[in-house]
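Q: need a structure here:
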Amino acid sequence: MDFFGHSKNKKILFVCVENAGRSQMAEAFFKKYAPDGYEPVSAGTKPSLEVNPIAVEVMKEIGIDLGKQKPKMLTNEIITDSILSVNMGCMDKTECPAVSMKNSLDWNIEDPKGKSIDKVREIRDSIELKVKQLCKTLD
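A: Have a look, this model is predicted:
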């Protein structure tokens with residue numbers, strides 16, 4: 001932290017509409033696998049009131065607790081503070097303005113909302129793989 005309380009880490013932003021499933025899982029995996037000097041943040045354009053309970057359950061199966069996480073609103077400050085935005089699967093610029101950031105990736109991952117627990121496990125595993133691949137590209 002610097003004098004003003006700002007993190008000196010490079011922030012990687014994970015974005016989806018509700019910040020209730022995909023982006024929360026990606027943030028948790030990035031915390032686990034990120035190289036030193038990087039920090040994840042996740043947010044949504046229309047945050048849900050809570051993290052998807054099935055997402056919480058499938059992450060708990062592999063030892064990651066999302067139970068205390070809260071969906072966050074995507075703000076200009078979060079966008080500005082991030083060196084890279086990873087869009088989890090929302091490519092509509094009105095719903096997901098971070099897609100217009102100059103440094104952004106789109107992972108096009110299916111929304112786990114309303115899906116079976118087996119499907120959410122597949123989504124979780126896909127996110128973990130993509131996060132590991134991303135971490136390998138960072139210094």
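
Q: what does stretch 123-137 rub up against?
A: Residues outside stretch 123-137 that contact it (CB atoms under 8 Å, 6 or more residues apart in numbering): 12, 21-22, 25-26, 29-30, 33-35, 38, 55, 58-59, 62, 86, 88, 105, 107, 109-110, 112, 115. Backbone N, C-alpha and C define where each C-beta goes, glycine included.

Q: quick one: buried ones out of those residues?
A: Neighbour-count burial (16 or more other CB atoms under 10 Å) is assigned, among those, to 12, 21-22, 25-26, 29-30, 33-34, 38, 55, 58-59, 86, 88, 105, 107, 109, 112, 115.

Q: restricted to strands, list the residues you listed.
A: Counting by DSSP state E, the buried ones among the contacts of stretch 123-137 place 12, 38, 86, 105 in strands.

Q: quick check: the two most widely separated of the residues you listed?
A: Within those, two members stand farthest from each other by CB to CB: Tyr38 and Leu105, at 14.5 Å.

Q: ok, Leu138 - how many residues close by?
A: 16 (other CB atoms under 10 Å).

Q: repeat that for Lys11.
A: Residues near Lys11, counting by other CB under 10 Å: 17.

Q: is it in contact with Glu39, as I believe?
A: Yes: contact criterion CB atoms under 8 Å: Lys11 and Glu39 qualify, at 5.3 Å.
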